[in-house]
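[1] everything below, folded, please.
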Amino acid sequence: MQSEFSSPGSVIDALTEIALDMRWSWNHAADDLWSRLDPELWELTRNPWAMLQTVSKEKLNALVADPEFLETIEEVIARRRRRQQTESWFERTFSAQRFPGVAYFSMEFMLNDALPIYSGGLGNVAGDQLKAASDLGVPVVGVSLLYQVGYFRQRIDADGRQQALYPFNDPGQLPIRPVRQANGEWLRIALDLPGFRLWVRAWQVEAGRARLYLLDTNDPANLPEYRGITSELYGGGPEMRINQEKVLGIAGWRLLRALGIRPGVCHLNEGHAAFAVLERARDYMEEAQISFDAALAVTRAGNLFTTHTPVAAGFDRFAPDLVERHFREYAHNALRISMPDLLALGRKNAGDAGEPFSMALLALRGSGAVNGVSLLHGKVSRQLFQDIFPRWPEAEVPIGSVSNGVHVPIWDAAEADELWTEACGQSRWDGELEQIRENMRRVPDTRLWQMRTDLRKKLVDFIRARLARQFAGHGASEEEVRLAARIFDPDTLTLGFARRFAPYKRPNLLLRDPARLLAILTNSQRPVQLVIAGKAHPQDGEGQEMIRQWVDFIRHTPARSQVVFLSDYDMRLTEHLVQGVDVWLNTPRRPWEACGTSGMKVLVNGGLNLSELDGWWAEAYTPAVGWALGDGREHGDDPAWDAAEAEQLYALLEQEVIPEFYNRDENGMPGAWINRIRESMACLTPAFSATRCVQEYTGKYYVPLAEAYRRRSADGKATAEVLLGWRRQLAEHWSKIRFNEVLVETEAGEHRFQVDLDLGDLEPAAVQVELYAEAGESGEPFLQIMTREETPADDKTWRYSAVVAAGRPASDFTPRVVPHHAEALVPLEANQILWYQ
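    All right, here's what the predicted structure looks like:
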């Protein structure tokens, strides 16, 4: 039978289909196809779409005549189509749910280096979650910006100083395509800026079952200064930033509507996208013909705000006059509210005309749920937003947490993938994680150690080639290039440190005592080698100086043979590092790393972590899986504590890490080290996978928020008007509530509380009276709803009662009054609270 792909045209169509689905970046079934097209170009770019733009007709014609090549294409296409038809985890788990999908807004997405529109952690999280959503079948579409130069590329000059380079992102070389209307016209979204209409072009990225839409202002119809709005990620000043965030939030939502996409949930990945809150409400205003306040009351129920920021200074804030200039017409004509009312959404104190406008507060006030990105970060975020909920206990500030996870298939080496497939099966990351722990615990020592030995050797080979190319590109001598090509030993303990160079990350903590570090590295019996990479923001002089200090240490000490700094830290470099290092170092100041995902990427490859008890490691660490730095408390930027932790870091390396690696049995294997690898892989890899993370988002937030939005929107404006009326009543009458009398009797092992409450003009159904006690030995606060008698004691006084066990003194318990409505989000939508005395 003749092949479906027997002509050059059909082969090109099939290769185009494969190249434009970025699932190739985590499913390597087609790698051989691209390697056969051009092995050298494939190795350099790993960009199938760019290769298709480059390959000659002669080469394609030759491959069309190759039965093996055609057979591979047929198999790849067949697998792709089978997967599209296979029932997903989401369909199996939520088959009975009416779920309209999720729109995931993020300033950056890291899918692959073939699409360089990311800088680091935020994009890493967004990209990995989009890939996991594809694997799991969760209906998610991403919305972001297409940057003309993206984030900067790094070069280290002869003096060890960072140089920032900005190569152009040629859309024709990126795995994207324009979004076309039915008539073939390029879909463009109109957005009004002060005195000018901006045209925003739309592009589409395919990532398995998921889609990512990118917005781009480089349209010939725009004025030159506006074409550059999407030129650079995190570049420019406040004017560029507010324009970028308007494009992301407002034009992004309009794009979805133009495509006929009506998501039930809008997920704001950081506050950058918070203007989507306004546009979603405006959209619903027109649809339901209601006020902005009513529309916001409906739509916020379907919005989720994920904050990644551990310090208040990290939130985007804009000067009031800048916001007014950009939003005066939009507020008046589109939202039909005053500028003071709009500015109040982004302020702690609505009446303070000088207070900047916070995107985080807009996101919080426009969402039905808020979460941090680790257990510790959830606690830190509740502290950051505590003053928005005055007098509420910190534990009840309405911010939860979903700990980040990494998309395991994108970060595992081929050798690790083979081991995992043997132990856990091919579909282990498609939804069912329950058996992974026990399956991995059965992997033999010899199998684990062979994998680690192979991966360390691969990393050393990569470092040699990369460093030699780096030296040659900087004009180094032939001798220096030859030495670089022989650096490192594949049998030596290899440490890795790679991340953004910023003061709070303390990338130079290991350099605090250079002589001691040098002694650790160059020990003849138990040597250590260290690979470092990372960028400092172009405006961060202190971070750039830290890079220079490392380069200086490498160049001017005997450490030159044991330490390398690899420039231009990007996703592909990360892949090599996390696959090969034995130990991943992480040294931030607690609690300034919201989560940190770099250390998660080594887990699948059998790497171990030595990290500060911050972010994800604060909940992941046990002595069986790695090593911990710090005491689990906050010390700010105290130099004395930095010195103490540097000492602890050296001691851990000298006394625990290095001896354990080199302590070998009669078969030449480090038994304790391998046990640690096995436990880390078995317990932590699934727990900190994007599979678990997206499953948790789906069950904890996506499905409930979609249902809450459905309920609020089901009757147009009726529910919204009831909620607004309830909130107006609370605002008008709350101050009149009074505790008349509180009585407590203790007998027969019970405390009996009786509260007489004057509600003034409020209906009793508008509030809830509770008995509260701070956390005791159980570790959880005590909360019990008090029972209201059916008839009032007099016109405005109602009696409430509760009975609790007398295991604690009666004085530990305090009656309080909080707002109550069956459909309300308390305290997100009503933050009043009244305590007795």
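[2] for the record, mean pLDDT for stretch 405-412?
    Across stretch 405-412, pLDDT averages out at 96.
[3] and what of stretch 25-39?
    88.
[4] so what's M669 closest to, chain neighbours aside?
    Using CB to CB, 6 or more residues apart in numbering and skipping residues adjacent in sequence, the residue nearest M669 is W449, 5.1 Å away. Just so you know, the C-beta spots here come from the backbone N, C-alpha and C atoms, and that holds for glycine as well.
[5] what's the spacing between F471 and V583?
    When distance is defined by CB to CB, to the nearest Å, F471 is 26 Å away from V583.
[6] which one's more surrounded, these two?
    Per other CB atoms under 10 Å, whichever of F471 and V583 has more neighbours is V583, with 24 against 18.
[7] quick check: that one touching E656?
    No - look at V583 against E656 with CB atoms under 8 Å: they stay out of range, at 10.8 Å.
[8] overlap in contacts, these two.
    Residues touching both V583 and E656 (CB atoms under 8 Å, 6 or more residues apart in numbering): none.
[9] got the CA positions of stretch 602-616 in PDB?
    Below are the C-alpha coordinates for stretch 602-616, written out as PDB (Å, rounded to 0.1, in the frame of the first residue of the first chain):
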ATOM      1  CA  VAL A 602      17.200  17.500  39.400                       C
ATOM      2  CA  LEU A 603      14.900  15.100  41.200                       C
ATOM      3  CA  VAL A 604      13.800  13.000  38.200                       C
ATOM      4  CA  ASN A 605      17.500  12.600  37.200                       C
ATOM      5  CA  GLY A 606      18.700  11.400  40.600                       C
ATOM      6  CA  GLY A 607      20.300  14.700  41.700                       C
ATOM      7  CA  LEU A 608      20.100  15.700  45.300                       C
ATOM      8  CA  ASN A 609      19.400  19.100  46.900                       C
ATOM      9  CA  LEU A 610      21.400  21.100  49.500                       C
ATOM     10  CA  SER A 611      19.200  24.100  50.000                       C
ATOM     11  CA  GLU A 612      18.000  26.800  52.300                       C
ATOM     12  CA  LEU A 613      14.800  25.800  54.200                       C
ATOM     13  CA  ASP A 614      12.800  28.200  52.000                       C
ATOM     14  CA  GLY A 615      10.200  27.900  49.300                       C
ATOM     15  CA  TRP A 616       9.500  24.300  48.300                       C
END
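[10] could you give the mean pLDDT of it?
    The average pLDDT within stretch 602-616 is 97.
[11] what is the neighbour count of K59?
    Look at K59: counted by other CB under 10 Å, it has 13 neighbours.
[12] for this structure, what are the low-confidence residue spans?
    1-6, 96, 778 (pLDDT under 70).
[13] in it, which residue is most central in space?
    Closest residue to the average C-alpha location of the chain: V125 at 3.0 Å, with CA atoms, centre = their mean.
[14] find the nearest non-adjacent residue to that one, please.
    N404 (5.4 Å).
[15] which residues touch the one you found?
    Per CB under 8 Å, 6+ apart, neighbours of N404: V125, V373, S374, C595, T597, M600, W616, F688, A690, C693.
[16] A helix includes the fourth one, no?
    No - assessed by DSSP: H, G, I helix; E, B strand; the rest coil, C595 does not belong to a helix; its assignment is coil.
[17] and it, backbone torsions?
    With angles defined as degrees, to the nearest 10, C595 sits at phi -140, psi -60.
[18] save the contacts of N404 as CSV, and put in secondary structure and distance to L193 too.
    CSV is the format used below for those (DSSP: H, G, I helix; E, B strand; the rest coil; distance: CB to CB, whole Å):
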residue, secondary structure, distance to L193
V125, helix, 30
V373, coil, 32
S374, coil, 37
C595, coil, 35
T597, coil, 35
M600, helix, 40
W616, coil, 40
F688, coil, 42
A690, helix, 36
C693, helix, 36
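[19] in the residues you listed, find the pair that's most separated.
    Spanning the widest gap among these are S374 and A690, at 14.2 Å by CB to CB.
[20] and the strands in the stretch 251-400 of the chain, which stretches?
    265-269, 303-306, 317-318, 357-358, 369-372, 400-401 (DSSP state E, counting those that start in this stretch).
[21] can you tell me what sits against the first one?
    Spelled out, it's strand 265-269. Contacts for strand 265-269 (CB under 8 Å, 6+ apart): 100-107, 122, 125-126, 140, 253, 274, 276-277, 280, 299, 302-306, 308, 363, 367, 697, 701-702, 705-706, 709.
[22] correct me, but E656 touches A628?
    No - look at E656 against A628 with CB under 8 Å: they stay out of range, at 10.8 Å.
[23] neighbour count: those two, which is higher?
    More neighbours surround A628 than the other of E656 and A628, with 21 against 14 (other CB under 10 Å).
[24] sorry, back to before: what about burial for the contacts of strand 265-269, which qualify?
    101-107, 122, 125-126, 140, 253, 274, 276-277, 280, 299, 302-306, 308, 363, 367, 697, 701-702, 705-706, 709 (16 or more other CB atoms under 10 Å).
[25] which one of the contacts of N404 is nearest E87?
    Nearest member of the contacts of N404 to E87, counting by CB to CB, is A690, at 20.3 Å.
[26] D552 should be in a helix, yeah?
    Yes - assessed by three-state DSSP, D552 belongs to a helix.
[27] could you find the closest non-adjacent residue to it?
    Spatial nearest neighbour of D552, chain neighbours left out: G160 (5.5 Å); criterion: CB to CB, 6+ apart.
[28] phi, psi for that neighbour please.
    Note on G160: backbone dihedrals following degrees, to the nearest 10 are phi 80, psi 20.
[29] same deal with D66?
    Taking degrees, to the nearest 10 as the convention, D66 sits at phi -100, psi 110.
[30] burial check on it, number of neighbours?
    For D66, using other CB under 10 Å, the count is 11.
[31] ok, P220 to G228 distance?
    Distance, P220 to G228, by CB to CB: 13 Å.
[32] and A775, by the same measure?
    The gap separating A775 from G228 is 53 Å, by CB to CB.
[33] more neighbours, those two?
    Legend: neighbour count by other CB under 10 Å for A775 and G228, higher for G228 (18 against 11).
[34] now do the same end-to-end measure for stretch 397-412.
    End-to-end distance of stretch 397-412: 38 Å, with CA to CA, to the nearest Å as the criterion.
[35] circling back to that earlier point, just the closest of the contacts of N404 to S35, please.
    The closest of the contacts of N404 to S35 turns out to be A690 (CB to CB; 27.4 Å).
[36] which ones are touching the closest one?
    By CB under 8 Å, 6+ apart, the contact list for A690 reads D128, Q129, K131, A132, N404, G405, V406, H407, V408.
[37] quick check: I156 touching L165?
    No - I156 sits out of contact with L165 when judged by CB under 8 Å, with a separation of 11.3 Å.
[38] what about the two, which has more around it?
    I156 (19 against 10).
[39] any buried residues in stretch 167-174, and which?
    For stretch 167-174, the neighbour count (16+ other CB under 10 Å) marks N169, P171, Q173, L174 as buried.
[40] reformat those residues as TSV; add distance to A65.
    Below are the buried residues of stretch 167-174 laid out as TSV (distance: CB to CB, whole Å):
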residue	distance to A65
N169	35
P171	33
Q173	28
L174	30
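[41] which one of those residues is nearest to I532?
    Out of the buried residues of stretch 167-174, the member with the shortest distance to I532 (by CB to CB) is N169, at 27.2 Å.
[42] a helix runs through L212, doesn't it?
    No - counting by three-state DSSP, L212 is located in no helix; its state is strand.
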